[in-house]
Every structure is written in C-alpha cells, then in structure tokens.
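Asker: make a model of this:
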Amino acid sequence: MISLLQMGAELGPELVPAPGAQFSAKPVTGVHVSELEDPTPYLEGGELLLTTGMPFAKSAALSAAYMARLGEREVRAVGLGLGPWLTAVPGHVLVASQAAGIELAIVPDGVPFQHVSRAYWRLSARDDTANLMDSLGTQTALARAAMRPDATNAVVRGLAQALGGWAAYLPADAGTETVWPASAGSLVGHLRAESIRFTKAGVPSAATFEVQGQPVVLYPILLGTRIHGFLCIGSGRMLTRADRQVIMTVSTLLALRARQREVVVGTTNALGAATTKLLLHGQTEAAHMVAEDVGLAELPNRVRLLGVRLSDGDDPGLAARAAAKLVADPGLPDLVAAVDACTLRHVQDEVLYLVLPASGIGNRPADRGGQSLEQDALLGIAGAAEPEAFGSLAAALGDPVSLGEIPGNLAVLRRAVLQAPAGHLVAVDASEDTKASVWVQLLEEYPRADLLATVRAYLGARGTWEDAARALGIHRNSLRHRISVASGLLGVDLDDPDVAAHLWLALRREESGVGKR
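Answerer: Coordinates of the predicted model:
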C-alpha cells in the first residue's frame, strides 16, 4: 500500500506537509480531485482528496464542517492546492484537519494535481511489482515445501511465516490438525466448531469470523464439491492482494495433497478388498501372499468379522464409521479405532464386510461427548444418541475366529446383519449348532461336486478313507481332494471331533427334514 510519506518522497517540493506537521506511513487507497462542498458521496475512505480550498476561503465554520464530513468518511488526507483561492494555509484549516484526524498536505501554486495522481500510480506499479516478486518467491518456497515428506506441516508453517501470523489446517475427516506456531493450538477447538457451522451452511467459499477477539479467515479445501478440510489464518492485519495470492497457492497445494491421499486410500482400499475377498472365500494362503506382495499390513491370526447392512447410495467408508457408533448390544467392544484403521473391507451382496483384529479393540465408552458428536456431524455421520438418523443402517459383529474359520462363519454373520434392527449393532448368535447348520447349507450349495454326500460318507465312515471311498464309488485320491475342498470351504478341520460331532448331527437333521418333505 502507498503512504503519504512515500508520495512526499517521490514528489519532493511538489507535495509537502502542512506547517508544523509530518507525513505518516499510513496507507492511501487512491487520489481523488473534487471542488464540491460535500464530496463524501463519491469517496470510499482512505483517499488523498485534492482541492483548491474553495470552502476554506469562506469561513472557519465551513472549514470545520467540511473536515468533519471527511473524517466521518475516513478520508486519509487532504491536499490543498494553493493559488486560485488561497495563497497560504489558514490557521482554522489546520485546526479543523487536526480535529478530524486528517493529514493536510500542500500542493504549491503552479503544480498540476495530475502530477500527484501520476506519482501515486507510479508508486502503486512499483509496489505491485515488488509484491509480485515477493509473492512469487514465497509461492516457489511453498511449492518446494509441498514436495517434502511432511508437506502439510511445511506448507502451513511457510504460510504462517509469510503472513507474519498463525495458520492451521483442519482435515474434514477428523484427522490430526496441523497448527503453526504451536501456541495457536489453543484455538483449534473454536476453529473446529466454526468449521462445523460453516459446513452446515453449505456455502463453499471463504468466511471471516472472530476467535478470542482476533479476526480469522477460513478457506475450504475443495476437490470438486467435496470439502476435504479447512485452512484457517490469523494474520492480525488486513490481508493484501499478494497475501491472498499466497493463500490461494497454499489452498491449491493442500487440495493436491488431499487428492494424492485420496488416490493412495483408494488404491489401498482396492488391494484390501481383494485380500478380504480371498479370506471370505477361504483362500487364506493366497490372501497372505497378496497382502505381503502389495505392502499391506501383516494379517492378524485371529479376527472379528463385522458386517454392515448397506442401502442404495450408501458410501461404504462412511457406513463403516457410522456402524461403529450404532447402539450396541451389551458387552460389545468399542470398534471406532479398529474400523478407522481397517483396510480389509469388501462389499458383497449389499453387505459390507470388515475383517478386524480380535486383539486391541477397546471397551465401549459410556458417553462419547458432545465434541465427538460434532465431529460426526461434520462427516455426515449421526451420533449414537440419534439411532433414528441412521435410516436402515445396521451391523453385526462376530466372535473371534482364525482366518481359516471366516468362511464357516460368513453365512451366520450375513443372516444376523440382514435381521438386525435399524440403528443397532448386534452380536452374532454363533452357537455350534447354528454354525453346523450353515456348514450343511454351504456344502449343499457347492456347484462343482457333491460335497454334501462326500462329507456325510466320510463322517459316517469315521474318517476311514477306504470305507468312505467305497461307499461313494470313487477313488481314494478323489475323496481326499473333495474333503480338502470341503474343509477349505467351511474353514474347519473335519477330523476335529467337536466339528465332526456337530456337523454329523446337522446332517442327520437335514436328512430327516428331507424325508419329511
């Protein structure tokens, strides 16, 4: 911004301060020429008003009223051109200008007002050029910072330093906030609350508000129409055009980082879905190899399967997070942290399955607190105290099992998910008899061989290969292959006495039911 002090230095004897005064460094927004008795309707405030002083030559009262009107309009200064009406500055004009808080400059006789206007615009052009160069240097530094591993921290710090204030980035997914300097961390709670109100308003543009008595500017970080986070800035001064260019650069860099994270998350989810699909179909060894080859975390030995009922249009990611906050059956653990960290998820027949580690799941808190509910509102997730807001969303959680036991528990879990009341997270009724009934159903539905008859003969022969193969009329090696397939399909060891006993009774019940039909 250009000041009267700069203009005086530029013009020298063509623009001088009034007697006994000095030019200040306060910014001047423009230069305007007027001989009206009341030019304020044509002024915005902050200007240097040039006049030959016609009102000043008439009376002290008119001079005081004139200056008072300019003061109310927040005009920065008056340039009095000597010659046509006044040959010197009257004392009452000095008094009136001081009373109104207006700087008084003198344009000597014979100096065209246009010289003053041209000087202002020359200085403005130089200032814009200097600001542009500074801005380009800052933007280059910020672009380099965006290439660092800690890009978000580096960019936020660089912006705060460039503006001489503080800056904060608040991810919309309730991730960790980035604040610089650290002393501004106490503002995060207020900033998050304002960002939630901003989101509810549904206006994807910048907003200005006060936090603890200081002005804050908030910019949404957008990808398309989706808000990925908020950039909050407190500079303690009026932002210049160059400042706003730097802020726009940072907003773009943060949006690019968000897009990069989105791509990485999408790729990880796709790889996790492929691994989960293998686990759901009993291909445990293949799942281990895929997870290792693509860089996923090592698969846990024991897991809990979470099923979430989806409706048309549901976002699986948000549905999973919401499911962890549903009204839960007594004794079920808190799944929020486990679901947030889970990459093993797959949608199959309108049910989202998540493979969660059986260990490391915490106890369910009695009250998650108001701030947590506000965080959920930001994400479009209803809180546990509002089950009606979940629509038809429901979920079921299975007991801890080994990876190989997942297929044998899948049908039981699916049935529990589909039968769960809306807004609730239920425990799966996974009694041994229930599991065995599901095993029979899986064997019966297997399309490529008659596994049901094979397993019935094998159990009837008490695991004797020769007797079972003779009863089926097939070679012993073919029987071994079929039993291996059946074990993999069910995720159990058919030679386990407990498994064999429950499965044999379920086969007898199924056989009895067929006879009655």
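
Asker: for the stretch 351-500 of the chain, which segments count as helices?
Answerer: For the stretch 351-500 of the chain, applying DSSP state H, counting those that start in this stretch gives helices covering 370-379, 406-419, 432-445, 451-460, 465-472, 476-490, 497-516.

Asker: now the ones you listed in CSV, with mean pLDDT, mean neighbour count and distance to residue 222?
Answerer: C-beta here means a position set from N, CA and C on the backbone, and glycine is covered the same way. Conversion of the helices of the stretch 351-500 of the chain to CSV gives the following (pLDDT from 0 to 100; neighbours: other C-beta atoms under 10 Å; distance: least, C-beta to C-beta, whole Å):
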stretch, mean pLDDT, mean neighbour count, distance to residue 222
helix 370-379, 45, 16, 15
helix 406-419, 86, 20, 35
helix 432-445, 77, 18, 47
helix 451-460, 92, 20, 54
helix 465-472, 91, 17, 65
helix 476-490, 88, 17, 48
helix 497-516, 78, 14, 55
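
Asker: kindly reformat those helices as a markdown table containing distance to residue 235.
Answerer: Shown next, in a markdown table, are those (distance: least, C-beta to C-beta, whole Å):
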| stretch | distance to residue 235 |
| --- | --- |
| helix 370-379 | 25 |
| helix 406-419 | 52 |
| helix 432-445 | 64 |
| helix 451-460 | 71 |
| helix 465-472 | 81 |
| helix 476-490 | 64 |
| helix 497-516 | 69 |
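
Asker: residue 347: which of those is closest?
Answerer: Proximity to residue 347 (C-beta to C-beta) singles out helix 406-419 among the helices of the stretch 351-500 of the chain, at 12.2 Å.

Asker: from the chain's centroid, how far away is stretch 288-307?
Answerer: The offset between the C-alpha centroid of stretch 288-307 and the centroid of the whole chain comes to 27 Å, using C-alpha atoms, centre = their mean, to the nearest Å.

Asker: need the residues that contact it.
Answerer: Residues external to stretch 288-307 that are found in contact with it (C-beta atoms under 8 Å, 6 or more residues apart in numbering): 268, 271-272, 274-275, 278-279, 287, 320, 323, 335, 339, 343-344, 351-359, 361, 395-403, 406, 409-410, 413-414, 416-417.

Asker: let's see that with 7 Å instead.
Answerer: Applying C-beta atoms under 7 Å, 6 or more residues apart in numbering, the set of residues contacting stretch 288-307 from outside is 271-272, 274-275, 278, 287, 323, 335, 343, 351, 353-358, 395-398, 400-403, 406, 409, 413-414, 417.

Asker: and what about the closest residue in space to residue 352 that isn't next to it in sequence, helix, strand or coil?
Answerer: The spatial neighbour of residue 352 that comes closest, neighbours along the chain excluded (C-beta to C-beta, 6 or more residues apart in numbering), is residue 308 at 4.2 Å. Here residue 308 is strand, with the state taken from DSSP: H, G, I helix; E, B strand; the rest coil.

Asker: and the gap between residue 308 and residue 486?
Answerer: 29 Å (C-beta to C-beta, to the nearest Å).

Asker: just residue 45 next, same as before
Answerer: Noted for residue 45: a distance of 86 Å to residue 486, by C-beta to C-beta.

Asker: residues contacting residue 38?
Answerer: Taking C-beta under 7 Å, 6+ apart as the criterion, residue 38 is in contact with residue 69.

Asker: change it to 8 Å
Answerer: Taking C-beta under 8 Å, 6+ apart as the test, what residue 38 contacts is 66, 69.

Asker: which SS state does it fall under?
Answerer: Assigned with three-state DSSP, residue 38 falls in the coil class.

Asker: helices or strands up against the longest helix along the chain?
Answerer: If you go by DSSP state H, the chain has its longest helix at helix 241-280. Applying 3 or more C-beta pairs under 8 Å, 6 or more residues apart in numbering; DSSP states H and E, we find helix 241-280 packed against helix 113-145, helix 151-163, strand 214-223, strand 226-234, helix 284-294, strand 345-348, strand 351-357, helix 406-419.

Asker: could the ones you listed go into JSON lines alongside distance to residue 58?
Answerer: Compiled in JSON lines, the helices and strands packed on helix 241-280 are given as follows (distance: least, C-beta to C-beta, whole Å):
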{"stretch": "helix 113-145", "distance to residue 58": "21"}
{"stretch": "helix 151-163", "distance to residue 58": "48"}
{"stretch": "strand 214-223", "distance to residue 58": "43"}
{"stretch": "strand 226-234", "distance to residue 58": "49"}
{"stretch": "helix 284-294", "distance to residue 58": "88"}
{"stretch": "strand 345-348", "distance to residue 58": "84"}
{"stretch": "strand 351-357", "distance to residue 58": "84"}
{"stretch": "helix 406-419", "distance to residue 58": "90"}
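
Asker: which stretch in the ones you listed has the least confidence?
Answerer: Between those, the one with the least mean pLDDT is helix 113-145; it has a mean of 68.

Asker: looking at the protein, which residue ends up farthest from its center?
Answerer: Largest separation from the mean C-alpha position in the chain: residue 87, at 66.0 Å (C-alpha atoms, centre = their mean).

Asker: residue 456 contacts residue 508, correct?
Answerer: No. With the criterion set as C-beta atoms under 8 Å, residue 456 and residue 508 do not qualify as a contacting pair; they are 9.1 Å apart.

Asker: measure residue 241 to residue 235 for me?
Answerer: 14 Å.

Asker: neighbour count winner among the two?
Answerer: Neighbours around residue 241 and residue 235, counted as other C-beta atoms under 10 Å, are more numerous at residue 235. The numbers are 21 against 11.

Asker: without its sequence neighbours, what residue ends up closest to that one?
Answerer: residue 165 (3.8 Å).

Asker: ok, now residue 503?
Answerer: Nearest non-adjacent residue to residue 503, counting by C-beta to C-beta, 6+ apart: residue 436, 5.1 Å away.

Asker: for the one you found, what are its contacts?
Answerer: Residue 436 sits in contact with 502-503, 505-506, where contact means C-beta under 8 Å, 6+ apart.

Asker: of those residues, which pair is most distant in space?
Answerer: Using C-beta to C-beta, the pair of those lying farthest apart is 503 and 505, separated by 7.4 Å.

Asker: can you count the residues close to residue 171?
Answerer: The local packing count at residue 171 equals 18, with neighbours defined by other C-beta under 10 Å.

Asker: now swap in residue 15 and tell me
Answerer: Residue neighbour count, defined by other C-beta under 10 Å, stands at 23 for residue 15.

Asker: how about it, phi and psi?
Answerer: Backbone dihedrals for residue 15, given as degrees, to the nearest 10, come out at phi -150, psi 110.

Asker: thinking again about what came up before, so the residue nearest to residue 235 is in contact with residue 232, correct?
Answerer: No. Taking contacts as C-beta under 8 Å, residue 165 lies outside contact range of residue 232: 10.6 Å.

Asker: the more surrounded of the two?
Answerer: More crowded of residue 165 and residue 232, by other C-beta under 10 Å: residue 232, with 28 against 20.

Asker: measure the residue most central in space within the chain to residue 5 for me?
Answerer: The structure's the chain has its C-alpha centroid closest to residue 172; by C-alpha atoms, centre = their mean the separation is 2.3 Å. Distance, residue 172 to residue 5, by C-beta to C-beta: 46 Å.

Asker: now residue 231
Answerer: Relative to residue 5, and taking C-beta to C-beta, residue 231 is found at 34 Å.

Asker: which one's more surrounded, those two?
Answerer: Under the criterion of other C-beta under 10 Å, the comparison of residue 231 against residue 5 puts residue 231 first, with 23 against 16.

Asker: which ones are touching the more buried one?
Answerer: Contact criterion C-beta under 8 Å, 6+ apart gives 159, 167-169, 218-221, 247, 250-251, 254 as the residues in contact with residue 231.
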